[in-house]
Structure formats: structure tokens, C-alpha cells
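Trainee: Predicted model and sequence below, questions to follow.
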Amino acid sequence: MKKFIILVYGFIAYLIFLISFLYAIGFVSDFLVPKTINSETETIGFSAIIINLILLSIFAIQHSVMARPAFKIWWIKIIGKPAERSTYILLTSLALLLIFWKWQPINSVVWEIDNSLFVWIIKGVAALGWLIVLLSTFMISHFELFGLTQIFDNFKNRTSQSPKFQTNFLYKIVRHPLMLGFIIAFWATPLMTVGHMLFAVITTVYILIAVKYLEEKDLRKKHGDDYEEYQQKVPMIIPFTKSTK
């Protein structure tokens, strides 16, 4: 019964992730969903900036702290190893949904593209960014990344194996194509408002800092010489540039 509950819990966490991911596309790209980054109702003044910074900080802290190996060791003692990744995904998704719910639009225009051809080109670039994000997860181990492998192995009385170090497809071009996809999606917009600019700047800075000083450090410890050799050959996020650690 406990294993069945963990299985159901993991699938619910994954479903909530899918909802938050799909909503994120509409939220950032400003279409379809009830509230977007540029919704008409906006909060005027400095308070909007503060609220938005707090929301982004909640996500950054949760996402970074829970991903650290030392935290995982402690957290697994409480939640159990099979449910650890699903819980991380669930809380990350809830942090995202909180941003979408409480975001304060600031609609002063930074730039706006009127030419219909350029508008569609930019939207196509943004769509490409989201596609890169999705495909990048399948180029390593999508189901392990989102906790489904762990909960299914637990249900079948199997021990989950640590994923092997892989450099498939886009990972031969940049070490973190998933993050590259997010950056493209966040910046490729024909209408850039102050609120959207704040979101894009903060998330980009967070991605660069978290990847360079946290995730890369963890990967070097985990994969050793293989990852250090990979660092020498492949750039971190920007394609076709000189590789740097």
C-alpha cells in the first residue's frame, strides 16, 4: 500500500509539473492562459518590483537548496529516496504556480515590434526555445529527471540506478541546453515590457550563477574526470563559443 501511495503521489507531482510547464509557456509568451506576464491589470509603483523579486527569490531558493547533494541526504531521511525527486518536482512546480498567480505586471514598453513578419519570426524563436527545453529532458533521462523512474522502480521492488553520464545530441553543442532553451524563450518576444524585462533579467542571472557555481560543481564531484574533460570540449550555455569552466 505504501508503494502504491508513493506511485500515485509521484504521478500527481508529474501532472502538476506538466500543468506548470504548459502554463509557463502561455504566461511568458503572453497568450491563451488567464493571467500572463503582461496582463492588463497591473500594480503601479515600486511595490510591484518588490513583490516580483520576492516571488522569483522563493523559486530560486527552493530550486537551488533542494537540488544540493547535502540537502538531499538530509531530506531523504525524512521523505524516503523513492519520493525525493517527485517531492522536489512538486515543490518546484508549486513555486512556479505561485509566481504565475501573484505576479505583478508592469506594462511600460521597453520595445515593441510591429512588423508582422518579424513578430512571427520572434515567436518562432521563442517556440524553438521551449522545444529545446522539452527535447533536452529526453536527451538525458526525462522520466528519471522528473521522478517517474524512481517511483516505478520502488513499486516493482527494483533499486533505481544512478543515471549514466551522457552527452547526446544538443549536449554535444552546449553542456546545459535546457537552460539555453529557457533563456531563448524568456527573451524572444515582440513585446518587451518592464515586467517581462525584470523576469528575463533575474531568471537569466539566476541560471548563469546557479549553473556555473552550483550545478557544475556538483557534476564535477559526481562524474569526476569525465565531466572535467567534457567541460574542456563543450561550452556551458552559449553555443559555438570557447569552452570555459
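Mentor: Here it is on my side, so go on.

Trainee: so what secondary structure elements neighbour the helix ranked longest in the chain?
Mentor: Longest helix in the chain by number of residues, with DSSP state H as the criterion: helix 2-29. Helices and strands touching helix 2-29, as assessed by 3 or more CB pairs under 8 Å, 6 or more residues apart in numbering; DSSP states H and E, comprise helix 81-102, helix 116-138, helix 148-155, helix 177-187. C-beta here means a position set from N, CA and C on the backbone, and glycine is covered the same way.

Trainee: Next secondary structure element downstream of the last one?
Mentor: Next helix or strand after helix 177-187 toward the C-terminus (DSSP states H and E): strand 191-193.

Trainee: Residue ranges in the chain under the pLDDT threshold?
Mentor: The chain contains residues with pLDDT under 70 at 42-44, 243-245.

Trainee: how near is the residue lying closest to residue 212 once chain neighbours are set aside to residue 179?
Mentor: Nearest residue to residue 212, sequence neighbours excluded (CB to CB, 6 or more residues apart in numbering): residue 236, at 6.8 Å. Computed as CB to CB, to the nearest Å, the residue 236 to residue 179 distance reads 9 Å.

Trainee: Count the neighbours of the residue nearest to residue 49 when sequence neighbours are not counted for me.
Mentor: Take residue 49 and drop its neighbours on the chain: the residue closest to it by CB to CB, 6+ apart is residue 198, 6.7 Å away. Close neighbours of residue 198, defined as other CB atoms under 10 Å, add up to 18.
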